Each structure stands twice: as structure tokens, then as C-alpha cells.
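*Asks:* Predicted model follows, preceded by the sequence.
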Amino acid sequence: MESAPLHAVSRRLGSAGNWYRGLRKTTRQVGMRAYHRATALNYRGRLLAPERLTTAGPYRSYELVTSHAFDPLLAALAATVGPDDTVYDIGAYAGGYALPLAADTPRRTVVAVEPDTASRRRLRANRDRTAPDGTVLVRPVGVGAADEHRPFYRSSFPKLSSFDRADATRWGAHVTGVETARIRTLDTLTERLPAPDHIKIDVEGLAPAVLAGAAETVARHRPTLFVEPHDRPGADRTGAIRAWCTEHGYTATDRNGALVCRP
């Protein structure tokens, strides 16, 4: 049995640990809020869009940090995509994947799919500084298991914006607005767009729903898939994606937590 003095020390250490964790959380939240305010000002004034270096090549962006500079999924895409291929970027945000893949490759087509109005404005601003005319096609929809309309939650930390309110409020963020967004299946999207050779999916944990609406596209075109599962406690999305791959004749390979799925 723990003595009274040891118990008091343990209690004090526990309190100090909780205080330190709380301080770290608060510091991170304050830092992220400051970063996102500065980024918004940079976009608003079109101030700085320096060249960003990534594993897929350089591009220009008004984002203040190159978040995908050493991204293993982007590196896998760059190593796979041919100069004449068509890539679908599902969950394009401000173009961190789409634009380096399109820059200096005028015969390649990138279909950038993004449901958030504010993120699409950023994507187009960065595209204007980076990509050859016509190489990045922006589509203002979300992608899911059915053609429908759903509320989309815009986050104060824009990259967390999602069809799931819980995802949009992670890390101390809050919802700044809600818009009704169109959702289309990949099967519907590909009816009027170039056939995909490769599909990147990064949709804040909703990848299984995207794949649920892609059966015809996958059967017809057999694209390579590059998927960020975004697992959460109690939500084994990686397992669901692997099961889908097995069912549709794909082999899934882990790339630092992301999945590359090949037919």
C-alpha cells in the first residue's frame, strides 16, 4: 500500500502532468489560430506565393507552410503517374497534391474535387500561379456513396473542414459556417470527365463512402488508388478499405499509414 507522503508526491506529479498537457494543448491551439489568420491575410492580399518543393516537384502556393513536402503518398503518386495520365484528387483542399502533379507536365490532367467554397478559392488562386492552362480541372462537389446533398462544416482550421462536424472541431477548432454541398459518386463524376488512371482520396475519414460509390469506375478503368484512411478510436477505416480492396481484386500496401491499392 502506498504511503501518505508517496501518495501526495504522486498526486502533485499527476497535477503537474495535467497542467503541462493542458499548456501544450492551449499553445498548439493559439499557434494554429495565429497561423490560419496569417494565411487568410496572405490569400486576401495575394502577397506571397513562393515556390514550394515537394517529392512530386515544385509548385507555387499562398499557404504559409508546405504541408506535403515529404508526404509518402504524394511520393508514391509521383513515382507512379505517367506524363499523359489522368489523376483524380478527391479532397483537393488548396492544391497540395494536385498542383505539384500538374506543374511542368502539360499533357497530364488532374481533376481536383473539393466541396468547400473557400478552399476552392484558394485552390484556384494557387493554380493561377502554378499550372498550365487546362491541366487542373476543379469540380465543386463532394464524393460519396450516393448522389445527394449534405451539410458541409467549415472549420476555423480550414484543412479540418468536413461533412462530419466532429472532424471539423478537432484540435480546438470550431465551425465557422455550414453550407449545403452536392455529393456525387465517383461513378457519376466519371461519366462526363476523362477516365481516371489514378485516384487519390483524402476526405477526413470518409474514404469508405467514396469507394462505395466507385464500383463501376473501378471495374471499367482499374485505376490505382492512393488513400488516407484517417483512422479514429473505434473507427477502423483502414480495415474497411482493405476489405473493399480484397472484394474488388485490389492489393493494398501500407505507406506510412496510408494505403496504395493496385489492381
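*Replies:* Nice, thanks for sending it over.

*Asks:* CA only for contacts and neighbour counts going forward, please
*Replies:* Fine.

*Asks:* for residue 57, helix, strand, or coil?
*Replies:* Judged by DSSP: H, G, I helix; E, B strand; the rest coil, the three-state class of residue 57 is coil.

*Asks:* Would you tell me what helix or strand residue 89 is located in?
*Replies:* strand 86-90 (DSSP states H and E).

*Asks:* Report the distance from the helix or strand just after that strand to the chain centre.
*Replies:* Using DSSP H and E, the helix or strand that directly follows strand 86-90 along the chain is helix 98-102. How far helix 98-102 lies from its chain's middle: 14 Å, per Cα atoms, centre = their mean, to the nearest Å.

*Asks:* Repeat that for stretch 77-85.
*Replies:* 19 Å.

*Asks:* Name the residues that touch it?
*Replies:* With Cα atoms under 8 Å, 6 or more residues apart in numbering as the test, stretch 77-85 has contacts from 55, 56, 87, 101, 105, 107, 108, 109, 196, 197, 198, 226.

*Asks:* ok, these vs residue 163, which is closest?
*Replies:* Checking these against residue 163 by Cα to Cα gives residue 226 as the nearest, at 20.5 Å.

*Asks:* Quick check: phi and psi on that closest one?
*Replies:* phi -130, psi 110 (degrees, to the nearest 10).

*Asks:* On the strand side of things, show who it bridges to.
*Replies:* Here residue 226 shows beta-bridge partners residue 200, residue 260, assigned using DSSP bridges.

*Asks:* change the start of the numbering to 31 and stick with it
*Replies:* Right, with 31 as the first residue, what we last looked at is residue 256.

*Asks:* Give me the contacts around stretch 164-171.
*Replies:* 128-129, 132, 136-147, 150, 154, 157, 211-214.

*Asks:* End to end on that stretch, go ahead and measure it.
*Replies:* 19 Å (Cα to Cα, to the nearest Å).

*Asks:* Stretch 234-243 too?
*Replies:* End-to-end for stretch 234-243, by Cα to Cα: 17 Å.
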